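*Asks:* What follows is a predicted protein model with its sequence.
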Amino acid sequence: MEIHLLDGTTARPAKQVKAVQILRSQRADLEDKRLIQKQAFAMSEKEEKRAKELERILVTASQNLDEHERRLEQAPLGGRSQIEEAGASLHATAEFAEAEWKAQNIVAERAHNFTLNAERQVQALERVMVKNLEVEQLYDQQAQRELESRKKRADLVNTSELKAADTLENNHIQRMKGYEHQLEETYALHESQAQQAKKYHKDSVKRMMNSTATTMSVMRELKAKKEADHNHRIDSILSLKANSDAAFTKMRGNNEKRLKRQNAITLSKEKEKLLLINKGENPYHVFKTRDVIQNANKKTNLKLSNVALKEAELVKRILVEDEYTKKKETEERFIKEQENKFRNELGRHNIEERNSKYLINKTTDKVDMIKTSSSSRDDRFQPSQVTTIKDNSFGLGFNPRMDKNKHAKIVEMVAAKPIHEGIELGEFARFLPKIPSSLLNNDSDGHQNSEVGNSEGGSGGGGGEVGS
């Protein structure tokens with residue numbers, strides 16, 4: 001589609017965005033030229049009004065000059081000197097008025113020509129806008145059609161995503177049912193472990209007595225701390241009382257000093273009053289003048305301080321507004337980035353690729369857990385074989401499908417939990433098997449390996465979790 005330009009040529013933009021920009025720039029230029037036309041018209045009227053006023057002044061000066069010449073012709077010879085002096089000033093006034101009137105006519109004509117030129121430019125741009133009106137409507141209709149097509153496409157994507165979400169939700173419900181069954185079995189196992197723990201109640205009572213003794217010692221320390229804090233508060237209150245008395249004494253002394261100073265000022269005024277009376281001056285007028293000057297100085301200082309405060313407040317307001325504008329721009333930029341990111345991640349391919357990368361990252365050897373090309377029973381989906389997860393065989397000491405390295409990683413993962421930190425085996429240490437003497441070494445590495453063996457045996461007997 002062709003777009004008419006102001007110079008009479010036409011343009012055919014390759015993109016719709018460029019065409020819309022051209023149309024918007026023409027509309028903005030039209031508004032600017034209309035504003036210039038209004039301003040030029042107002043200036044032309046102002047200059048014409050001034051020219052008419054100067055013309056009226058020129059007519060008045062010409063009339064005064066004619067009257068002066070008439071009086072000069074009728075006056076006797078002896079009285080013409082004064083009239084000629086007045087005539088010189090009238091001639092100068094008339095010449096000045098005529099020069100000003102001519103200059104103002106030139107200015108008014110220039111303003112009128114500028115107004116006509118601005119009006120012609122506005123009319124030319126309006127004609128171009130009328131020619132481009134159909135093109136602009138076509139672009140608007142095209143943009144509306146594109147918006148509707150994008151909306152339909154988004155609705156289709158949302159429908160497919162909702163179906164996928166329903167499928168995932170149903171699968172999640174099935175998994176949760178399996179988790180509930182496993183949770184019931186875990187609760188039953190915990191109950192059996194609790195029954196076994198009741199047999200070793202005596203050792204638990206000893207530990208509780210030790211803990212109670214520690215608690216009592218802590219309570220005694222807390223009581224001593226409270227007494228020390230109470231004494232400290234008493235000292236603070238006494239210090240506050242002393243400081244208050246000192247402040248009251250100082251305030252009373254300041255009041256007495258101020259009273260003495262006021263009495264001294266009153267006495268000096270009385271003496272000055274007598275001196276002024278002796279000099280023949282009015283003491284009340286002198287004192288009143290002095291008070292007025294002092295009050296005027298105070299008011300001036302107060303106004304200056306108020307102006308400074310208002311300027312500071314204005315600067316602060318400008319800074320706050322600038323900060324708010326920057327914040328809004330940052331928020332809008334962030335929203336646009338998030339919209340683009342969300343739009344890019346709506347595809348099913350991106351979601352499946354992201355899920356696949358997450359599953360591969362969670363495996364031990366960074367391999368794909370799903371083998372789509374195999375239908376054998378041994379190659380089925382087995383997450384426990386490719387990930388470091390504690391399964392039901394943990395603690396039994398035997399799993400034919402788990403190697404030693406993976407078993408050691410699982411033991412390290414369980415031992416690294418915060419809940420197992422600082423736990424001692426206590427009375428459950430007797431359930432640990434003894435390490436053969438052939439495996440004991442005196443070096444540091446052997447000592448660390450024996451500690452790892454102890455941690456594995458504690459978790460295998462099931463007593464570590466009961467002790468915690």
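*Replies:* Ah, there it is. Not measured: the values here are computed from a predicted model. Residues are numbered from 1 along each chain as shown.
*Asks:* right, and the helix or strand after the host helix or strand of L162?
*Replies:* For L162, the host element (DSSP states H and E) is helix 80-198. Once the chain leaves helix 80-198, the next helix or strand it forms, by DSSP H and E, is helix 201-279.
*Asks:* on contacts alone, who are the packing partners of that following helix?
*Replies:* Secondary-structure packing of helix 201-279 (3 or more CB pairs under 8 Å, 6 or more residues apart in numbering; DSSP states H and E): helix 283-344. C-betas here are computed from N, CA, C, even on glycine.
*Asks:* what's the helix it packs on packed up against?
*Replies:* Using 3+ CB pairs under 8 Å, 6+ apart, the elements in contact with helix 283-344 are helix 201-279.
*Asks:* could you give the angle of the helix it packs on to helix 283-344?
*Replies:* Interaxial angle, helix 201-279 versus helix 283-344 (axes from the mean of the first three to the mean of the last three CA atoms, to 10 degrees): 150 degrees.
*Asks:* picking up where we left off before, could you give the angle of the helix holding L162 to helix 201-279?
*Replies:* Going by the same axes, to 10 degrees, helix 80-198 makes 160 degrees with helix 201-279.
*Asks:* So what's the gap between helix 80-198 and the chain middle?
*Replies:* Taking CA atoms, centre = their mean, to the nearest Å, one finds helix 80-198 lying 21 Å from the centre of the chain it belongs to.
*Asks:* Give me the pLDDT for the residue most central in space within the chain.
*Replies:* Using CA atoms, centre = their mean, the residue of the chain that lies closest to the mean C-alpha position is K327, 4.2 Å off. Looking at K327, its pLDDT is 94.
*Asks:* mind checking how far it is from I335?
*Replies:* Note on K327: its distance to I335, by CB to CB, to the nearest Å, is 13 Å.
*Asks:* same for the helix holding L162, what does it pack against?
*Replies:* In this structure, helix 80-198 packs against strand 3-4, helix 16-74, helix 463-467, with contacts taken as 3+ CB pairs under 8 Å, 6+ apart.
*Asks:* where does the stretch 101-250 of the chain dip in pLDDT?
*Replies:* The stretch 101-250 of the chain contains residues with pLDDT under 70 at 131-132.
*Asks:* hmm, I was thinking of the stretch 251-400 of the chain
*Replies:* 369-382, 384, 397-398.
*Asks:* Also compute the angle for the helix holding L162 relative to helix 16-74, please.
*Replies:* Going by the same axes, to 10 degrees, helix 80-198 makes 160 degrees with helix 16-74.
*Asks:* rewinding a little: which of the helices and strands packed on helix 80-198 sits closest to N297?
*Replies:* helix 16-74 (45.1 Å; CB to CB).
*Asks:* Give me the mean pLDDT for the closest one.
*Replies:* 76.
*Asks:* list the helices and strands that helix packs on?
*Replies:* Secondary-structure packing of helix 16-74 (3+ CB pairs under 8 Å, 6+ apart): strand 3-4, helix 80-198.
*Asks:* Apply 10 Å and report the result again.
*Replies:* strand 3-4, strand 10-11, helix 80-198 (3 or more CB pairs under 10 Å, 6 or more residues apart in numbering; DSSP states H and E).
*Asks:* And the pLDDT for G87?
*Replies:* G87 is given a pLDDT of 66.
*Asks:* what does the one 4 residues further on give?
*Replies:* We note a pLDDT of 75 for H91 in this prediction.
*Asks:* What count of nearby residues applies to it?
*Replies:* Neighbours of H91 under the rule other CB atoms under 10 Å: 13.
*Asks:* With A164 instead?
*Replies:* Neighbours around A164, by other CB under 10 Å: 12.
*Asks:* Quick check, E45 in contact with Q39.
*Replies:* No: shown here, E45 and Q39 do not form a contact pair, counting by CB atoms under 10 Å, at 11.0 Å.
*Asks:* got any residues that touch both of those two?
*Replies:* Each of T115 lies in contact with both E45 and Q39 under the rule CB atoms under 10 Å, 6 or more residues apart in numbering.
*Asks:* So F394 sits against V411, correct?
*Replies:* Yes: at 8.6 Å, F394 counts as touching V411 under the criterion of CB under 10 Å.
*Asks:* Which one's more surrounded, the two?
*Replies:* Shown here are F394 and V411; by other CB under 10 Å, V411 has more neighbours (20 against 17).
*Asks:* how near is the more buried one to Y139?
*Replies:* 70 Å.
*Asks:* before we move on, what about M209?
*Replies:* 88 Å.
*Asks:* The two: which is more packed in?
*Replies:* Between M209 and Y139, counting by other CB under 10 Å, Y139 is the more crowded of the two (18 against 10).
*Asks:* still on that earlier bit, can you redo the helices and strands packed on helix 16-74 as TSV with distance to R24?
*Replies:* Shown next, in TSV, are these (distance: least, CB to CB, whole Å):
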stretch	distance to R24
strand 3-4	12
strand 10-11	14
helix 80-198	9
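*Asks:* what residues does stretch 277-284 touch?
*Replies:* Identification of contacts with stretch 277-284 by CB under 10 Å, 6+ apart yields 269-270, 272-276, 286, 288-289.
*Asks:* Which member of those residues is positioned nearest A99?
*Replies:* Closest approach between the contacts of stretch 277-284 and A99, by CB to CB: T289, at 53.4 Å.
*Asks:* Now do the same contact list for that closest one.
*Replies:* By CB under 10 Å, 6+ apart, the contact list for T289 reads N282.
*Asks:* again, but for Q63
*Replies:* Here Q63 is in contact with A94 (CB under 10 Å, 6+ apart).
*Asks:* how near is it to A94?
*Replies:* 10 Å.
*Asks:* if we can go back for a sec, out of the helices and strands packed on helix 16-74, deepest packed?
*Replies:* Highest mean neighbour count among the helices and strands packed on helix 16-74 (mean count of other CB atoms under 10 Å): strand 3-4, with a mean of 19.
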